[in-house]
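Peer 1: got a structure for you, letters missing:
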């Protein structure tokens, strides 16, 4: 019974791994420069070595955070990660649909300047709509560059996710439709116990 409900378990929206190449190249460049400096100036070797290790570890953690899935599904529960430290659990039954959106990137503009925003300053987003009846799931704090969660709309910022387009969103809705068909074989889920913040 349980196995039948798990064909779509796993990451539904992945983090953007494209910047990782640049992060690692910059990290290796810094480590090499510090290594050469330590060789040329032996009295600075331990300082350069310490800085190199700290920089490498920081780059490693940054890469892991950035590549972590933004949306996962498992056993009737969606796990939303829109901050490096936390993820939020949302019952599948509370999710109505996904749709493609767009968002302005860069400095905020007031309403009188909205017409001056160029299309090139916008990026695609995926919006996960939560049913209005789920009053406890309408809003959460997020790391703004990754997305937002307000008024029942969970917005995944495309700049920090895997490539997003209309076809990608259609596939999300197809998968959502399939898991909803299987909800009859999933034990009833308590909103109060399932929709909590999970610390990792």
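Peer 2: Thanks, I have the structure now. Quick caveat: nothing in here was measured; it's all calculated off a predicted structure.

Peer 1: how about the helices in this structure?
Peer 2: Per DSSP state H, the chain carries helices over the ranges 18-40, 45-67, 166-181, 191-194.

Peer 1: could you list the domains of this structure?
Peer 2: Recorded structural domains for the chain (assignment: automatic domain parsing) are 3-13+69-106+119-187+195-199, 18-67.

Peer 1: re the thing from before, and the helices of the chain, which one is worst for confidence?
Peer 2: Of all those, helix 191-194 carries the lowest average pLDDT, namely a mean of 40.

Peer 1: what's the burial count for residue 29?
Peer 2: Residues contacting residue 29 under the criterion other C-beta atoms under 10 Å number 10. C-betas here are computed from N, CA, C, even on glycine.

Peer 1: that one and residue 36, how far apart?
Peer 2: Distance from residue 29 to residue 36, counting by C-beta to C-beta, to the nearest Å: 11 Å.

Peer 1: also residue 80?
Peer 2: Between residue 80 and residue 36 the distance is 44 Å, computed by C-beta to C-beta.

Peer 1: those two: which is more packed in?
Peer 2: Legend: neighbour count by other C-beta under 10 Å for residue 80 and residue 36, higher for residue 80 (25 against 11).

Peer 1: on that earlier part again, for the domains of the chain, which one ends up most surrounded?
Peer 2: The highest average neighbour count among the domains of the chain, using mean count of other C-beta atoms under 10 Å, belongs to domain 3-13+69-106+119-187+195-199 at a mean of 16.
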